[in-house]
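*Asks:* Sequence and predicted structure below; questions after.
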Amino acid sequence: MRVLACLSLAALAACAPQQGGQPEAVKLTRDSLTVTLSGGARCAASRAAATPTQMGWAGRLDDCPLPLAYEVRLQEGTNPLRFIVLELFESLGQAQVVAPLAEVELVSDSGRRYAFRSPPRLGPGDD
């Protein structure tokens with residue numbers, strides 16, 4: 001009976017939310033990554049301090065309440081209109097307004113993976 005009680009407690013502990021919350025959103029610019037946790041904390045990483053990869057950059061958010069490894073994988077845009085909009089904002093000195101097309105993967109120290117897209121896709125009913 002004690003063994004069953006211990007196993008039940010272990011299972012409940014594994015399902016409990018991680019300390020500091022869990023990643024809810026990411027904001028990506030050309031030069032930085034910001035992760036928002038469910039507890040409200042925001043963790044930021046600079047592209048300049050990250051390790052370049054073949055498709056983007058990677059690093060760790062060690063100062064975050066939930067330490068996370070991250071990888072940003074940039075995607076080439078195929079929409080010609082996106083290039084026109086980006087050129088327009090770049091000419092105005094506002095290139096950061098247009099979020100890069102990318103996939104962002106976060107991995108907690110426990111091995112849990114979180115995947116996000118930049119910019120986030122609009123769901124049904126979102127304008």
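*Replies:* Received the coordinates, thanks. The shown structure was predicted, so the numbers you read here are calculated from the model rather than taken from an experiment.
*Asks:* after the helix or strand of the chain with the lowest mean pLDDT, next one along is what?
*Replies:* Least confident helix or strand of the chain, by mean pLDDT, DSSP states H and E, is helix 2-15 with a mean of 43. Using DSSP states H and E, the helix or strand that follows helix 2-15 towards the C-terminus is strand 23-28.
*Asks:* Pairing partners for that following strand, with directions?
*Replies:* strand 32-37 (antiparallel) (DSSP bridges).
*Asks:* And the strand it pairs with, what's buried?
*Replies:* 32, 33, 35, 37 (16 or more other Cβ atoms under 10 Å). (C-beta placed from N, C-alpha, C; glycine too.)
*Asks:* Quick check: the first one touching residue 43?
*Replies:* To tie it back to what came earlier, the one meant is residue 32. No - with contacts counted by Cβ atoms under 8 Å, residue 32 stays clear of residue 43, the gap being 11.0 Å.
*Asks:* quick revisit: ok, the buried residues of strand 32-37 vs residue 62, which is closest?
*Replies:* The nearest member of those to residue 62, counting by Cβ to Cβ, is residue 35 at 12.5 Å.
*Asks:* Skip the chain neighbours and tell me the closest residue to that closest one.
*Replies:* residue 43 (4.7 Å; Cβ to Cβ, 6 or more residues apart in numbering).
*Asks:* Can you classify residue 70 as helix, strand or coil?
*Replies:* Here residue 70 is recorded as strand under DSSP: H, G, I helix; E, B strand; the rest coil.
*Asks:* Contact partners for the residue nearest to residue 23 when sequence neighbours are not counted?
*Replies:* Of all residues not flanking residue 23 in the chain, residue 114 sits nearest, at 4.7 Å (Cβ to Cβ, 6+ apart). Residue 114 is in contact with 22, 23, 105, 106, 107, 108, counting by Cβ atoms under 8 Å, 6 or more residues apart in numbering.
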